[in-house]
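Trainee: what follows is a protein structure lacking sequence information:
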């Protein structure tokens, strides 16, 4: 019985150690060719996340429009093939049309101005 307590304690500690957790991998694609400024900024972001999140999270960039054509980006993410896309909303408009953040929002002036007939 004395032998089982240290073994059980070691098993519990090893289950909660950081090495027991797997690194989360995020598959990502970008909308522009690699030499563009948009993509270079995104790749700098990916490098920063990979450096700071070492052992916790990693972003694997699969490529750009040569991998997945821009009109299909929203559909591919919705299907779960890709976890993260770097794209302007115009390319995923057909996928998130009903989402509040994708719809054009009225300006403050349009929200405050009452609709008066005949003016």
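Mentor: Structure received. These numbers come from a predicted model, not from an experiment. Numbers count the residues shown, from 1 in each chain.

Trainee: tell me where this structure has helices.
Mentor: For the chain, applying DSSP state H gives helices covering 4-15, 37-52, 73-79, 108-112.

Trainee: residues in contact with the longest one?
Mentor: I take that to be helix 37-52. Residues outside helix 37-52 that contact it (CB atoms under 8 Å, 6 or more residues apart in numbering): 28, 30, 31, 32, 33, 34, 57, 58, 59, 61, 64, 86. (Glycine included, C-beta is placed from N, CA and C.)

Trainee: and it, what's its mean pLDDT?
Mentor: What helix 37-52 shows for mean pLDDT is 93.

Trainee: equivalent analysis for the third one, please.
Mentor: Confidence for helix 73-79, expressed as mean pLDDT, is 81.

Trainee: what is it packed up against?
Mentor: Secondary-structure packing of helix 73-79 (3 or more CB pairs under 8 Å, 6 or more residues apart in numbering; DSSP states H and E): strand 84-86.

Trainee: mind showing which ranges of the protein have poor pLDDT?
Mentor: 1-21, 90-119 (pLDDT under 70).

Trainee: number of residues surrounding residue 45?
Mentor: Residues lying near residue 45 (other CB atoms under 10 Å) number 13.

Trainee: from here on, call the first residue 61.
Mentor: OK, 61 is where the count begins now, so the last one is residue 105.

Trainee: what's the separation between it and residue 91?
Mentor: Using CB to CB, to the nearest Å, residue 105 is found at 14 Å from residue 91.

Trainee: what sits against residue 147?
Mentor: 90, 91, 130, 133.

Trainee: what do you get for residue 93?
Mentor: 99, 124, 125, 126.
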